[in-house]
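Student: Give me a model of this one.
(one chain, ligands or ions: 1)
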Amino acid sequence: MNTADDRNKKVVAVVTGSSSGIGFETSLVLAKNGFVTYATMRNLGKSNKIIELKQKKKLPLEVLKLDVTDDKSIKEAIENIANEQQGTIDVLVNNAGYGLLGPLEELSIQEFKEQFEANVFGVIRVIQEILPVMRKQGHGTIVNISSVAGRIGFPLTSAYVSSKFALEGLSESIAYELEPFGINVILVEPGVIKTNFDSNLKIGKNVSTTTATTTSDRNSPYADITEKRIAAFKPRFENASPPTEVAKVILNVITSKNVQPRSRYLVGSDAFKLMEIRKNKSDKEFRRLVMEAVLK
Ligand SMILES: NC(=O)c1ccc[n+]([C@@H]2O[C@H](COP(=O)([O-])OP(=O)(O)OC[C@H]3O[C@@H](n4cnc5c(N)ncnc54)[C@H](OP(=O)(O)O)[C@@H]3O)[C@@H](O)[C@H]2O)c1
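Tutor: Below is the predicted model:
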């Protein structure tokens, strides 16, 4: 595995979506542990805090612009990193992403496409750009930040859930074709993590709730369950696990010596609990439990 423990050898990591939450903490944890870390983000205006910490703690961390929905920005960022690091990129953490909420019938195809642009095609773009570098050097680790929602479906989040299911299938498949080149592909599946995810959550433009301002919206057959889903969403983040927990799991996986990594790592006690319940219940029983917990 890649390791930054050997202080004589420079180990280079790239993290997407480092402006907040899991990406922010992962970039810091990797840099604190000796990785030459490229904390990439689409909006450099959000880089003040991480730059301040880099300077204060003298971390080997660089901030670079990278929007996962923009081919040119990805190409430029990866080319710059590869040039600066003499063709070496050891670790890629595909973290950038967001959630979209709303019943399928009230989400537009455009909104679905945008969700997949960031959460799926964004990952594909960055991997495609970085693979020639990793193949040439003969090793690498790609960490894809999925979710428990990459294993289990939840109501009113079909766009997000299907994007994470897609990421799971993608990761599982490419693991076969990349293993011969010494490249590992790992899925990290957090439960609820206290980040800006809830405040960045998008609600479809035509999605209706019982408190909507227009009567036609309030009359939607989905208004009641959408209202309940939104109301139940935010409180879950209040006592959620911190993003450092995800960052630590990523660090452990990529620095574990002589251990072949697993394909999947759950993070957070809620994630383990939920997967255990899922395993022990029939589809019908599990669906009823989720309905009661989320929509009643
Ligand atoms: N928090 C959770 O409960 C949870 C659970 C499971 C999985 N996850 C996954 O964890 C990942 C990180 O989310 P988070 O919880 O840390 O939420 P967050 O605090 O909202 O961070 C999301 C990051 O993704 C960035 N991003 C969004 N679209 C982007 C794009 N087109 N190009 C580049 N960056 C983009 C955001 O940038 P801006 O600041 O510019 O918006 C931000 O840096 C996501 O993939 C999410 O699905 C989160």
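
Student: Look up the pLDDT of the nearest residue to residue 241 once chain neighbours are set aside for me, please.
Tutor: Spatial nearest neighbour of residue 241, chain neighbours left out: residue 268 (4.2 Å); criterion: CB to CB, 6 or more residues apart in numbering. To be clear about C-beta, it is placed using only N, CA and C from the backbone, and glycine gets the same treatment. pLDDT recorded at residue 268 is 98.

Student: Same question for residue 140.
Tutor: With respect to pLDDT, residue 140 scores 97.

Student: Please apply the same query to residue 211.
Tutor: For residue 211, the model assigns a pLDDT of 75.

Student: residues in contact with the residue nearest to residue 241?
Tutor: Shown in contact with residue 268 (CB atoms under 8 Å, 6 or more residues apart in numbering): 190, 191, 192, 193, 240, 241, 245.

Student: With residue 124 instead?
Tutor: By CB under 8 Å, 6+ apart, the contact set of residue 124 is residue 170.

Student: Could you tell me the per-residue confidence at it?
Tutor: pLDDT recorded at residue 124 is 99.

Student: Does the lengthiest helix in the chain pack against any helices or strands, and if so which?
Tutor: In the chain, with assignment by DSSP state H, the single longest helix is helix 158-178. With contacts defined as 3 or more CB pairs under 8 Å, 6 or more residues apart in numbering; DSSP states H and E, helix 158-178 has these neighbours: strand 100-101, helix 109-116, helix 122-137, strand 140-145, strand 183-190.

Student: Run the chain-centre distance for it.
Tutor: Chain-centre distance of helix 158-178: 12 Å, with CA atoms, centre = their mean, to the nearest Å.

Student: ok, now stretch 155-170?
Tutor: In terms of CA atoms, centre = their mean, the gap separating the centre of stretch 155-170 from the centre of its chain is 12 Å.

Student: For the stretch 1-150 of the chain, what lies in contact range of the ligand?
Tutor: 16-17, 19-23, 41-43, 46, 67-69, 95-98, 118, 122, 145, 147 (CB under 6 Å from any ligand atom).

Student: mind checking how far residue 128 is from residue 35?
Tutor: Computed as CB to CB, to the nearest Å, the residue 128 to residue 35 distance reads 22 Å.

Student: who's more crowded, the two?
Tutor: Between residue 128 and residue 35, counted using other CB atoms under 10 Å, residue 35 has the larger neighbour count: 28 against 13.

Student: I'd assumed residue 9 was in contact with that one.
Tutor: No - counting by CB atoms under 8 Å, residue 9 is not a contact partner of residue 35; they are 11.0 Å apart.

Student: Can you pull the poorly scored residue ranges out of the stretch 101-250 of the chain?
Tutor: Residues of the stretch 101-250 of the chain that meet the criterion pLDDT under 70 lie in 212-217.

Student: related to what we said a few turns ago, could you dump the helices and strands packed on helix 158-178 into JSON lines and include distance to residue 153?
Tutor: Below are those laid out as JSON lines (distance: least, CB to CB, whole Å):
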{"stretch": "strand 100-101", "distance to residue 153": "14"}
{"stretch": "helix 109-116", "distance to residue 153": "15"}
{"stretch": "helix 122-137", "distance to residue 153": "20"}
{"stretch": "strand 140-145", "distance to residue 153": "18"}
{"stretch": "strand 183-190", "distance to residue 153": "14"}
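
Student: Select, out of these, the one closest to residue 228.
Tutor: Minimum separation from residue 228 across those (CB to CB) falls at strand 100-101, 11.8 Å.

Student: May I have the strands that pair with that closest one, each with its orientation?
Tutor: If you go by DSSP bridges, strand 100-101 pairs up with strand 202-203 (parallel).

Student: Excluding chain neighbours, what is closest to the closest residue to the ligand within the chain?
Tutor: Relative to the ligand, the nearest point of the chain is residue 21 (2.2 Å; CB to the nearest ligand atom). In space, and not counting its chain neighbours, residue 21 is closest to residue 195: 2.8 Å by CB to CB, 6+ apart.
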